[in-house]
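# Would you be able to build a 3D model of this:
(chains A and B)
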Protein chains: 2
Amino acid sequence: MDKNYFKNRYSVRAYDQTKEVPAELIDTLLATATHAPNTGNMQTYSVVVTRDPARIADLAPAHFNQPAIRSAKAVLTFCLDFNRFNTWCRINHTEPGLDNLQGFTWAVIDTSIFAQQFCTLAELEGLGTCYLGTTTYNAEQIAKSLRLPKGVVPVVTVTVGYPAENPGVQPRLPLHAIVHHDTYNNPDDEGIRDIYAEEEALESNRRFVEENNKDSLAAVFAEVRYPKAANEQFSRVYKEFLKNQGIEI
Amino acid sequence: MDKNYFKNRYSVRAYDQTKEVPAELIDTLLATATHAPNTGNMQTYSVVVTRDPARIADLAPAHFNQPAIRSAKAVLTFCLDFNRFNTWCRINHTEPGLDNLQGFTWAVIDTSIFAQQFCTLAELEGLGTCYLGTTTYNAEQIAKSLRLPKGVVPVVTVTVGYPAENPGVQPRLPLHAIVHHDTYNNPDDEGIRDIYAEEEALESNRRFVEENNKDSLAAVFAEVRYPKAANEQFSRVYKEFLKNQGIEI
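Have a look, this model is predicted:
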C-alpha cells in the first residue's frame, strides 16, 4: 500500500479496454468492504455488479451515456436495501420501521460508506473508479434494468476498470473552509470570495466559464450543471419512486 | 499500513483517557480526507471538531450520553453544508438549487464519503473511531450547540480517541446476501432464514433476545432498537429541522 495514496487519488473515467476486471476480485473487495461501519449492523444495503457489456449498455442511458459508463469493465450499483430486513421481520412476525426519513437517511449513509470502502480498496488494488451522480436522477430506470424489488433503491453507482487515463489530483477548497473548531465559523462575503478564489482562478475553470457564456464559476454550477428547476424535477421523480418502493420521506 | 486492516477493523467506543488526540493530527487527516470523491467537486460538507471536554459534555445529551461520547477525546460532527455554496451564489448574483431532495441526498452521500475517508485514515493512524447514529435524531440540539447557520445540517458524528478496548471484528451477513450479479437475486423466505441464521445463532445475540424478552432477533431490532413509532417521530423532527435550515425534501 502506498502511504500517499489517499492524498494523491483521483477519479478515473476512461478504462483500459484490453483488461477485464475479474468477478472474483470484485467479490473479494466487496467482502472486505462490508467490514466498514454501518448503523446497528443492519447492513441495509445491496450492490448489483454488472460486467456483461450488453447489460452495461442497458444501464448506460440511465446515466446519460457518460464516457465513464461507456468504457467501464464493471458497473456497481449500490442500493439501499430494506427488502431483506423487511422480509426477515415479516417471517418473524414483527413490524419493521425503516420506511421513513430516518431509515432512508441511515441507509443512504451506510450505502455510501460501503461504496466508499469498496472504492478505496479497488483503487489500492490499482483499479480506477468513478461515482455517477446520475443514479438518483434515473433511479426507476436503473431499478427496472436490475430488477430491484420493493424496498430497494439505487443510491450511488461506481464504474470500475484499469485506468486508461491519468487526470491527476483535483483541487479542493482550503481546509479552513471545511473544518471548524468548537463552533461553526461562518465567513462573511469577503471570506467566501477568498475560499473560492483559487478554484475560480484555475485556467480550466476560467475556460469552463467562458465556454458556458456565464459571468462566474458559481453561475456555471447553479445555472448549467445543477440548475434549480432540473433538481426540483428530479427530486419529485426520486420521491415518487421512493414511495413506490415503500419509503415515505 | 497493514494490508489486512480493512478486514480486521472494528469500531471502538472506549478511549484511553491518558492520551490526547492533537488538533493538528485531526486537521491533517481531514485535509487528506477531502480528496475523497464528491459530487461535482462542490464539497457541500463541513465538519466541526470538538476537543474541549466542556463542549463535548454539551454535545453528549444530544447523543443520549452514550459511552463513546463520554470517553471521546475528540468529537467530529460531519454536516451537509449548503451555506458556503449558497453564499457564493448570492455574491455572484445567481440562484443555487440544492435545497431539495436531490441536493439533500447528494450532500448526505458526500458527507458520508468524507467522514468514512477520515475514519479510515484515523484508524490506519492507530486511532479508534465510532459513528453515532443519534446525529439525525437530535440534529437541532446539535446545531444549537455548534452554532450551525441556515443551510448546515448534522449528518454523522464520529467519536475519536486512542483505543481502550478491543471488541474485535463484528460478524457480517454472508456475501451472497449483499452482492448480486447482473440482476437482483431476491431470496425466498427460506433464503432469508439462511442469511440471518449465523447472526441469530451467536451467543451474544441469543442473550440479547432473552434480555429483551423477545421471540426473535428481528423483533429486538424492530421493537426495541429501531421501533417504527420512534423512527417516525424522529423523521418528522428531522424533516422540520431541514425545512428550518432551508431544505425542503
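
# what are the pairing partners of the longest strand seen in chain A, and which direction each?
Secondary structure assigned by DSSP state E gives strand A:152-161 as the longest strand of chain A. Here strand A:152-161 is paired, per DSSP bridges, with strand A:74-81 (antiparallel), strand A:128-132 (antiparallel).

# And the contacts of the first one?
Contacts with strand A:74-81, where a contact means CB atoms under 8 Å, 6 or more residues apart in numbering or on different chains, come from A:21, A:26, A:44-51, A:56, A:59, A:69, A:104, A:107-108, A:110-112, A:114-115, A:118, A:135, A:142, A:146, A:148, A:151-161. C-beta: built from backbone N, CA, C; applies to glycine.

# quick check: mean pLDDT across the longest strand of chain A?
Across strand A:152-161, the average pLDDT comes to 98.

# next one: stretch A:51-70
Rounded mean pLDDT across stretch A:51-70 is 97.

# Report whether it contacts chain B.
Yes: residues of stretch A:51-70 are located near chain B by CB under 8 Å from any CB of the partner chain, namely A:51-52, A:55.

# can you check stretch A:233-249 too?
Yes: counting by CB under 8 Å from any CB, contacts between stretch A:233-249 and chain B involve A:234-235, A:238-239, A:249.

# ok, of these, which one's closest to chain B?
residue A:235 (3.8 Å; CB to the nearest CB).

# Could you list the low-pLDDT ranges of chain A?
Counting by pLDDT under 70, chain A contains low-confidence residues at A:1.

# most residues in a single helix of it, which one?
helix A:101-124 (DSSP state H).

# Next, the angle helix B:101-124 makes with that helix.
Orientation of helix A:101-124 against helix B:101-124 (axes from the mean of the first three to the mean of the last three CA atoms, to 10 degrees) gives an angle of 50 degrees.

# what's the following helix or strand after the longest strand of chain A?
Per DSSP states H and E, the first helix or strand lying C-terminal to strand A:152-161 is helix A:175-178.

# What is the distance between the very next helix or strand once past that following helix and the centre of its chain?
As assigned by DSSP H and E, the chain's next helix or strand after helix A:175-178 is strand A:179-181. Taking CA atoms, centre = their mean, to the nearest Å, one finds strand A:179-181 lying 25 Å from the centre of the chain it belongs to.

# So is strand A:179-181 next to chain B?
Yes: Strand A:179-181 reaches chain B (CB under 8 Å from any CB) through A:179-181.

# which residues sit in contact with the residue nearest the centre of chain A?
Centroid check for chain A by CA atoms, centre = their mean gives residue A:156 as the closest residue, at 3.7 Å. Contacts for residue A:156 (CB under 8 Å, 6+ apart) come out as A:78, A:111-112, A:115, A:131-132, A:135, B:109.

# mind redoing it with 7 Å?
A:78, A:111-112, A:115, A:131, A:135, B:109 (CB atoms under 7 Å, 6 or more residues apart in numbering or on different chains).

# related to what we said a few turns ago, now rank the residues of stretch A:233-249 next to chain B by neighbours and give me the top one.
residue A:238 (24 neighbours; other CB atoms under 10 Å in any protein chain shown).

# Cross-check the contact I'm expecting between it and residue B:101.
Yes: here residue A:238 lies in contact with residue B:101, judged by CB atoms under 7 Å, at a distance of 5.7 Å.

# sorry, back to before: any idea which of the residues of strand A:179-181 next to chain B has the most stuff around it?
residue A:180 (22 neighbours).

# mind pulling up the phi and psi values for the closest residue to residue A:202 other than its chain neighbours?
Leaving aside its chain neighbours, residue A:202 sits nearest to residue A:171 (6.5 Å; criterion: CB to CB, 6 or more residues apart in numbering or on different chains). Per-residue torsions, residue A:171: phi -70, psi 150 (degrees, to the nearest 10).

# I figured residue A:171 was touching residue A:199, is that so?
Yes: here residue A:171 lies in contact with residue A:199, judged by CB under 7 Å, at a distance of 5.9 Å.

# With neighbour numbers in mind, choose between those two.
Just comparing residue A:171 and residue A:199: by other CB under 10 Å the higher neighbour count belongs to residue A:199, 18 against 11.

# wait, what's in contact with that one?
A:171, A:205, A:217.

# what separates the helix or strand harbouring it from the chain centre, distance-wise?
Assessed by DSSP H and E, residue A:199 sits inside helix A:189-201. Put simply, helix A:189-201 sits 27 Å off its chain's centre (CA atoms, centre = their mean).

# and the angle from the next helix-or-strand element following that helix to helix A:189-201?
With elements assigned by DSSP H and E, the helix or strand that comes after helix A:189-201 is helix A:203-211. Here helix A:203-211 runs at an angle of 90 degrees relative to helix A:189-201 (the same axes, to 10 degrees).

# hmm, helix A:203-211 in reach of chain B?
No: applying CB under 7 Å from any CB of the partner chain, one finds helix A:203-211 separated from chain B by no less than 9.8 Å.
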